[in-house]
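[1] Pasting the sequence and the predicted model now:
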Amino acid sequence: MREASIRNLLGLVTALCVIGIPIQAQAVNDGKIAKAAKAPQAGYIFRDCSGCPEMVVIPPGVFNMGSPDSEDGRSNDEEPVHRVNIATFAMGKTEITRGQFAAFADKNSYSAGDKCSTLEGGKVAERTGDWRKLRYGQEDDYPIGCVNWNDAQAYTKWLSRKTGKQYRLPTEAEWEYAARGNTTTSRYWGNNPDEACAYANAADKTAQAQIKGASSWSVDNCTDGFAYTAPVGSFKANAFGLNDMLGNAWEWTADSYHDSYKGAPADGSAWQGDGAKRVLRGGSWNNSPRNVRSAIRNSYKPAQRYSFFGFRVVRKLP
């Protein structure tokens, strides 16, 4: 009887592992599970391997995507505001770091091109060099830069093979839902851009003081201490426990760009089109307040690389 109970326990544990449900700490007494295994709850943080990105479980919900007419700095492509249903998923707590991307590139001898547009001498222009040769400080805990949509896709496919889990880029709807964190204000900390320096790395007084040509920029009236990118997780997280959803680096999403939300899916899925341009979200270290909002959208060709383009990943949950 005792041997049969143990076999049943091992079978249960194996089944849970196969479907991807994390096994909680369990005490076994006389062949019985003292504490039942639970599906991951919202806010649960995990990694699928050593060196894998840290993931946060995002709760399901319904939200208003886009910006109202009253929002300061809004663009016409942020309308119409529409309701979207989001199923639970896991999202990277931070942007993919230089160290994480390097592990992928080195393992696969992957080349992310030999040219990238960077900001130097007060001018953004395409220059020789890749993500390994940015002209400003880039340690392994900084967000990866100089990657295009195709590079980000290659990383997610490799991570999926490595872990046996389904990793991908977030859909645009998933990204905005996660960035808002149950808020309806223009930013997840509120509507005042001058409070940004506690929550996001964007254009501010630090950039004005240290970057050539930035004296004329429109900036947040605060000082965050970083002229360019900052190590991931340097600022307060939003209500879902995600860092740097605004600022630091623009983040690629899975969607094709459409110039309005007319006809956008209501189930949170990726909205595909001709793929000529892909959507980026969140703004970056060199952006003015109007471009560091939860609803802001950007679009570029999938082959384009800029030093302020990065990404984060999501993972399907059972």
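    Nice, I can see it.
[2] Let me see the ranges of the strands in the stretch 101-250 of the chain.
    For the stretch 101-250 of the chain, strands defined by DSSP state E, counting those that start in this stretch occupy the ranges 115-120, 123-128, 167-168, 250-256.
[3] in its sheet, what does the longest one sit against?
    In this case it means strand 250-256. Looking at strand 250-256 with DSSP bridges, its partner strands are strand 278-281 (antiparallel), strand 309-310 (parallel).
[4] Centre of the chain to that strand, how far?
    Computed by C-alpha atoms, centre = their mean, to the nearest Å, the chain-centroid distance of strand 250-256 equals 9 Å.
[5] Ok, the shortest one next?
    Per C-alpha atoms, centre = their mean, the displacement of strand 167-168 from the mean C-alpha position of its chain is 12 Å.
[6] what's in contact with that strand?
    Thr156, Lys157, Leu159, Ser160, Ala254, Val313, Val314, Arg315, Lys316 (C-beta atoms under 8 Å, 6 or more residues apart in numbering). C-betas here are computed from N, CA, C, even on glycine.
[7] The longest one too?
    Residues lying outside strand 250-256 but in contact with it, judged by C-beta under 8 Å, 6+ apart, are 95, 147-149, 152, 168-172, 175, 270-284, 298, 306, 308-312.
[8] what does stretch 133-146 give?
    94-102, 112-113, 116, 118, 120, 129-131, 227-232, 244, 248-249, 305-311.
[9] Can you give me every residue that contacts the closest residue to Gly283 other than its chain neighbours?
    Excluding its sequence neighbours, the residue lying closest to Gly283 (C-beta to C-beta, 6 or more residues apart in numbering) is Val292, at 3.8 Å. Remark: with contacts taken as C-beta under 8 Å, 6+ apart, Val292 is in contact with Arg187, Pro193, Ala196, Ala200, Ala202, Asp220, Leu246, Gly247, Gly282, Gly283.
[10] got it, and Cys222?
    Contact analysis of Cys222 by C-beta under 8 Å, 6+ apart lists Asp194, Glu195, Ala196, Cys197, Asp204, Lys205.
[11] and if you look at Thr223?
    Thr223 touches Cys197, Asp204, Lys205, Thr206, counting by C-beta under 8 Å, 6+ apart.
[12] what about the first one, neighbour count?
    The criterion is other C-beta atoms under 10 Å. On that basis, Cys197 has 21 neighbouring residues.
[13] Could you do the last one as well?
    Here the count is done by other C-beta under 10 Å, and Thr206 has 22 residues near it.
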